[in-house]
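[1] sharing a model that was predicted from the sequence below.
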Amino acid sequence: MTPAEAQQTPQGSHNWGRWGEKDEKGALNLLSPEVVLAAVGTVTEGRILQLALPIKGSTSGPAPTTVPHLRGRPLPQHFMSVDGADYVAGTRPVGAGLRMADDAIIVTPHGTTTHMDALCHMWAGDSLYNGHPASRVRSYGATRCGIDKAGPVVARASFFDIPALRGVPYLAAEERITVADLEACGADVRPGDVAMIRTGWPLAWAESPEKYWSGQPGLSAEAGRWLADRDIAMVASDNSAISALNAHQGADESLDDDLHLLFLWRHGIHLAEMLWLEELSGAGRTHFLFVAAPLNIEGGTASPITPLAVL
């Protein structure tokens, strides 16, 4: 069955209409002031960990290729528009004895850097999340369910460190995370939590890009439903698609089991992908304060983010 042949509205459990017929924010509506205040209460050390992969160099050099990314995706480009040294064309002093340096950055978030998916990123049939018409996703941006509708995320995180649970540095490419795995992590999942999943897969990049591209471990469909049933606000993972990927960088699951459709389309649950969770793994915390904010990109299907764990 193709997306065009899929049901126009979700069957079974979903969040359509829960926060009104005009809602474009989805499960982030769960982050009420009371839920946020309770999340702040998880801070006990005052220590902050950055959970983002770096954006490196320009495509004229090898630096971007040293960071995990999906094969064939346009790499992020960072270069100096004015640096006062090796690239000075068109520059001018900003004052006596002073120079100015400027940057330029081009990023296609999906599959190339740490990012947050908007609810307009994937849908079935002719409708986005909550029944908004998919025809509102245009070449100039999405006028419904864009990343600009998400806003900042400040929430309690429940951390599922599956490699630590299994005693391995990272999961094998063909592995799927089960409900039993999630339950064994001992996290007390509450409504409004960010479910954070560690596969350890970015460590495979250090061995070789070919190994990283051989597939990816991820959540099983059953585990995804288990999380959605617990009223989470967001899912974040260190892999590229939340679900597992095959060697062609696609998902093997059917549309009924596709996790992007389950989370984004059916439940309005935003996704954050390609996080760096290795330092967090060593912190020994199951719950902590999670903070992230997408860029206010009008109509964007995603945005780069720098997630933070406040311990």
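    Noted; the coordinates are in hand.
[2] show me where pLDDT drops low in the stretch 1-150 of the chain?
    For the stretch 1-150 of the chain, the stretches with pLDDT under 70 are 1-8, 59-60, 81-100.
[3] where along it do the strands fall?
    48-50, 77-82, 102-106, 115-117, 137-138, 141-142 (DSSP state E, counting those that start in this stretch).
[4] what sits up against the fourth one?
    The list of residues contacting strand 115-117 from outside it, by CB atoms under 8 Å, 6 or more residues apart in numbering, reads 109-110, 147, 150, 153, 260, 264, 270-274, 292, 294, 301-305. Backbone N, C-alpha and C define where each C-beta goes, glycine included.
[5] one more pass at 7 Å, please.
    109, 147, 150, 264, 270-274, 292, 294, 302-305 (CB atoms under 7 Å, 6 or more residues apart in numbering).
[6] hmm, back to that, of the strands of the stretch 1-150 of the chain, which is nearest S243?
    strand 115-117 (12.3 Å; CB to CB).
[7] and stretch 104-114, what's buried?
    Residues 107, 109-114 are the ones in stretch 104-114 that count as buried (16 or more other CB atoms under 10 Å).
[8] would you reformat the residues you listed as JSON lines and include distance to V310?
    Below are the buried residues of stretch 104-114 laid out as JSON lines (distance: CB to CB, whole Å):
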{"residue": "V107", "distance to V310": "25"}
{"residue": "P109", "distance to V310": "23"}
{"residue": "H110", "distance to V310": "27"}
{"residue": "G111", "distance to V310": "28"}
{"residue": "T112", "distance to V310": "26"}
{"residue": "T113", "distance to V310": "22"}
{"residue": "T114", "distance to V310": "17"}
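[9] out of these, who's nearest N246?
    The closest of these, once distances to N246 are taken by CB to CB, is G111, at 14.5 Å.
[10] from what I can see that closest one touches N239, true?
    No: the pair G111 / N239 is not scored as a contact, 10.7 Å apart, by CB atoms under 7 Å.
[11] surely F159 is within a strand?
    Yes: counting by DSSP: H, G, I helix; E, B strand; the rest coil, F159 falls inside a strand.
[12] what sits opposite it in the beta ladder?
    Judged by DSSP bridges, the bridge partners of F159 are M196.
[13] and it, how many neighbours?
    Neighbour count of F159, defined by other CB atoms under 10 Å: 25.
[14] mind listing what it touches?
    F159 neighbours (CB under 7 Å, 6+ apart): 187, 196, 280, 285-286.
[15] repeat that for 8 Å
    185, 187, 196, 198, 280, 285-288.
[16] which parts of the stretch 201-311 of the chain are helices?
    Under the criterion DSSP state H, counting those that start in this stretch, helices of the stretch 201-311 of the chain are mapped to 202-207, 209-212, 221-229, 259-260, 278-281.
[17] put the alpha carbons of the first one into PDB.
    Once non-C-alpha atoms are left out, helix 202-207 reads as follows in PDB (Å, rounded to 0.1, in the frame of the first residue of the first chain):
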ATOM      1  CA  PRO A 202      27.200   7.000  16.100                       C
ATOM      2  CA  LEU A 203      30.200   5.000  17.500                       C
ATOM      3  CA  ALA A 204      30.000   2.800  14.400                       C
ATOM      4  CA  TRP A 205      31.000   5.800  12.400                       C
ATOM      5  CA  ALA A 206      34.400   5.800  14.100                       C
ATOM      6  CA  GLU A 207      35.000   2.400  12.800                       C
END
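[18] run through who's touching that helix.
    Outside helix 202-207, the residues that touch it by CB under 8 Å, 6+ apart are 53, 67-68, 169-170, 173, 211-212, 238, 274, 276, 278.
[19] among those residues, name the buried ones.
    The buried subset of the contacts of helix 202-207 - by 16+ other CB under 10 Å - is 53, 67-68, 170, 173, 212, 238, 274, 276, 278.
[20] in CSV: these, plus distance to V310.
    Formatted as CSV, the buried ones among the contacts of helix 202-207 follow (distance: CB to CB, whole Å):
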residue, distance to V310
L53, 19
V67, 25
P68, 25
Y170, 25
A173, 32
Y212, 29
D238, 18
M274, 20
W276, 16
E278, 17
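[21] hang on, A173 in a helix?
    No: counting by three-state DSSP, A173 falls outside a helix, being coil.
[22] quickly list what the closest residue in space to L295 that isn't next to it in sequence is bridged to.
    Nearest residue to L295, sequence neighbours excluded (CB to CB, 6 or more residues apart in numbering): S303, at 4.4 Å. S303 has the following beta-bridge partners by DSSP bridges: M116.
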